[in-house]
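A.B. asks: I would like to see how this sequence folds:
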Amino acid sequence: MSRMYSTAFMAGPEQKPLRLLMTADTLGGVWTYAIDLIKGLQPFGVKVHLATMGKPLTPSQRREASALHNLWVHESSFQLEWMDNPWEEVEKAGDWLISLEEEIQPDIIHLNNYCHGNYPWQAPVLMVGHSCVLSWWQAVKGEMAPERYHTYATSVKEGLKSADKVVAPTKAFMEDLQRLYGPFEKLVVIANARRKDRFYATKKENFILSMGRLWDEAKNISAFEGIAEGLDWPVEVAGPAEHPSGGKNADYRNLKFLGELDAQAVRFKLSQAAIYALPARYEPFGLSVLEAGLSACALVLGDIPSLRENWEGAALFANPDEPEELKDKISYLIKNPRLCQRMGGLARQKAMKFDIHQQAQQYLQQYQQLLAHRAENRQQNTTRTASAGTPTTTNPFLKEKI
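C.D. replies: The predicted structure is shown next:
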């Protein structure tokens with residue numbers, strides 16, 4: 001079941017290289033996050049075994065993975081915990097992950113999902129929250145998630161409570177996790193990042209770009225459908241239209257649909273777009289916004305706490321439930337080309353602060369703290385055992401001292 005590829009990474013003799021077992025799904029931004037973080041960890045001699053779930057890797061993903069000499073990929077297609085009725089496969093995935101730990105003997109378990117957090121791991125567990133169904137439902141639907149997500153909610157809460165450290169990419173999303181599943185104390189916010197050298201700006205062209213899962217109501221791509229004809233520039237959208245669990249595909253007639261682009265095509269489109277708009281109702285971080293910022297696109301974003309946290313002063317914001325406000329903000333940039341160019345420059349300036357090397361250092365610090373805490377606990381247990389002595393048992397059924 002496990003597919004592995006990469007060349008062996010040889011660390012220097014001065015220290016033992018850190019070995020991670022990391023999970024990732026292949027359907028969205030978690031894959032991108034994982035690949036960039038693994039690249040950032042290369043200079044520190046960190047070896048990563050990446051266990052993927054959701055669906056098989058695309059040819060583009062395989063190329064990205066094979067380019068990293070500190071990465072070994074273990075591939076599966078197990079359903080993800082947010083999908084419909086996934087629990088039998090979630091359990092099988094958990095058994096598979098435990099077997100990988102036995103085989104790999106990692107120093108740290110880095111989970112990018114929740115429901116396997118309470119499994120009997122031998123290594124310390126760092127869990128990263130990227131999104132969740134309950135916060136998604138409240139932000140998108142304006143109400144509590146229905147009862148059918150009770151098992152999901154319970155599993156997520158147990159996973160978070162069991163983790164040795166919880167990480168979130170924004171303070172806003174950490175607050176969501178605490179409110180819905182907490183309280184938990186061992187937490188830290190580490191912003192996501194992208195490789196700056198991969199993104200560039202060419203001569204900007206007169207069109208608006210948006211990207212994301214078109215079927216995901218959180219991305220709110222549908223907000224463009226009613227306003228596109230009233231904009232002076234065309235709206236182009238990229239991303240998968242088909243829901244991974246089936247159902248009706250997204251269908252937008254007033255927009256130019258680019259389909260699901262590979263990483264190189266995404267970078268090229270971003271380099272051309274004068275405006276990047278994402279009127280999201282829910283976005284715990286927003287990697288596509290960061291990519292657009294690195295590409296010097298002027299940003300028009302949904303006015304939600306996480307996007308405000310990252311892009312205040314470098315973007316225009318619109319109420320995601322008010323399409324006319326979105327239209328007005330975009331039109332304002334179109335009619336003021338110097339402002340549009342200036343906003344693109346501010347977005348790039350802000351985006352450059354999300355540094356992949358700094359992100360890797362922050363994660364490495366968390367890994368080292370977890371290992372130090374584990375070693376300290378073992379030392380304390382050894383000391384307590386030694387101080388207690390070795391009394392002789394009087395139980396006739398036991399032949400040895402305890």
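
A.B. asks: how about the helices of the chain, start to end?
C.D. replies: Defined through DSSP state H, the helices belonging to the chain, from first to last, are 29-41, 59-66, 87-104, 133-141, 150-162, 171-181, 263-272, 287-294, 305-311, 323-335, 337-351, 356-388.

A.B. asks: what's the third one in contact with?
C.D. replies: To tie it back to what came earlier, the one meant is helix 87-104. Residues from elsewhere that reach helix 87-104 (C-beta atoms under 8 Å, 6 or more residues apart in numbering): 1-2, 19, 21, 23, 49, 51, 53, 74, 76, 78-81, 109, 115-116, 119-123, 151, 155. Just so you know, the C-beta spots here come from the backbone N, C-alpha and C atoms, and that holds for glycine as well.

A.B. asks: equivalent analysis for the second one, please.
C.D. replies: Judged by C-beta under 8 Å, 6+ apart, the contacts made with helix 59-66 from elsewhere in the structure are 5-6, 26, 31, 35, 50, 57, 71, 73, 262-264.

A.B. asks: let me have those residues in JSON lines, extended by distance to Glu64 and pLDDT.
C.D. replies: Written out in JSON lines, the entries for those read as follows (distance: C-beta to C-beta, whole Å; pLDDT from 0 to 100):
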{"residue": "Tyr5", "distance to Glu64": "12", "pLDDT": "41"}
{"residue": "Ser6", "distance to Glu64": "12", "pLDDT": "38"}
{"residue": "Thr26", "distance to Glu64": "11", "pLDDT": "95"}
{"residue": "Trp31", "distance to Glu64": "8", "pLDDT": "95"}
{"residue": "Ile35", "distance to Glu64": "5", "pLDDT": "96"}
{"residue": "Leu50", "distance to Glu64": "11", "pLDDT": "98"}
{"residue": "Leu57", "distance to Glu64": "9", "pLDDT": "96"}
{"residue": "Leu71", "distance to Glu64": "9", "pLDDT": "98"}
{"residue": "Val73", "distance to Glu64": "10", "pLDDT": "98"}
{"residue": "Asp262", "distance to Glu64": "10", "pLDDT": "88"}
{"residue": "Ala263", "distance to Glu64": "7", "pLDDT": "88"}
{"residue": "Gln264", "distance to Glu64": "10", "pLDDT": "91"}
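
A.B. asks: out of those residues, who's the most crowded?
C.D. replies: Leu71 (26 neighbours; other C-beta atoms under 10 Å).

A.B. asks: measure it to Phe257 for me?
C.D. replies: Using C-beta to C-beta, to the nearest Å, one gets 33 Å for the distance from Leu71 to Phe257.

A.B. asks: next one: Asp176
C.D. replies: Asp176 sits at a distance of 31 Å from Phe257 (criterion: C-beta to C-beta).

A.B. asks: looking at these two, which is more packed in?
C.D. replies: Under the neighbour definition other C-beta under 10 Å, Asp176 and Phe257 were set side by side, and Asp176 has more, 25 against 15.

A.B. asks: and the gap between the more buried one and Thr26?
C.D. replies: For Asp176, the distance to Thr26 - C-beta to C-beta - is 24 Å.

A.B. asks: and if you look at Gly212?
C.D. replies: As defined by C-beta to C-beta, Gly212 lies at a distance of 16 Å from Thr26.

A.B. asks: Glu225 now?
C.D. replies: In this structure, Glu225 and Thr26 are separated by 29 Å, where distance is defined by C-beta to C-beta.

A.B. asks: next: Glu236.
C.D. replies: According to C-beta to C-beta, Glu236 stands 25 Å off from Thr26.

A.B. asks: what do you get for Asp197?
C.D. replies: When C-beta to C-beta is the yardstick, Asp197 and Thr26 sit 24 Å from each other.

A.B. asks: what of Ala263?
C.D. replies: Counting by C-beta to C-beta, the gap between Ala263 and Thr26 amounts to 13 Å.

A.B. asks: low-confidence regions, the chain specifically.
C.D. replies: Regions of the chain meeting the criterion pLDDT under 70 cover residues 1-15, 244-251, 383-402.

A.B. asks: could you rerun that using 80?
C.D. replies: Screening the chain residue by residue with the criterion pLDDT under 80, one finds the ranges 1-15, 242-252, 379-402.

A.B. asks: domain assignment for it?
C.D. replies: According to automatic domain parsing, the chain comprises the domains 19-189, 196-351.

A.B. asks: what's the end-to-end length of the longest one?
C.D. replies: Domain 19-189 has an end-to-end distance of 22 Å (criterion: C-alpha to C-alpha, to the nearest Å).

A.B. asks: so how far is that domain off the chain centroid?
C.D. replies: For domain 19-189, the separation from the chain centroid amounts to 8 Å (computed by C-alpha atoms, centre = their mean, to the nearest Å).

A.B. asks: now swap in the last one and tell me
C.D. replies: Counting by C-alpha atoms, centre = their mean, domain 196-351 is centred 19 Å from the centre of its parent chain.

A.B. asks: give me the buried subset of the contacts of helix 87-104.
C.D. replies: When the contacts of helix 87-104 are checked for burial by 16 or more other C-beta atoms under 10 Å, the buried set is 19, 21, 23, 49, 51, 53, 74, 76, 78-81, 109, 115-116, 119, 121, 123, 155.

A.B. asks: so who does Leu180 touch?
C.D. replies: With contacts taken as C-beta under 8 Å, 6+ apart, Leu180 has the following neighbours: 132, 134-135, 153.

A.B. asks: between which two of the residues you listed is the distance greatest?
C.D. replies: Within the contacts of Leu180, Ser135 and Ala153 form the most distant pair, 10.9 Å apart (C-beta to C-beta).

A.B. asks: which one's more surrounded, these two?
C.D. replies: Neighbours around Ser135 and Ala153, counted as other C-beta under 10 Å, are more numerous at Ser135. The numbers are 22 against 17.
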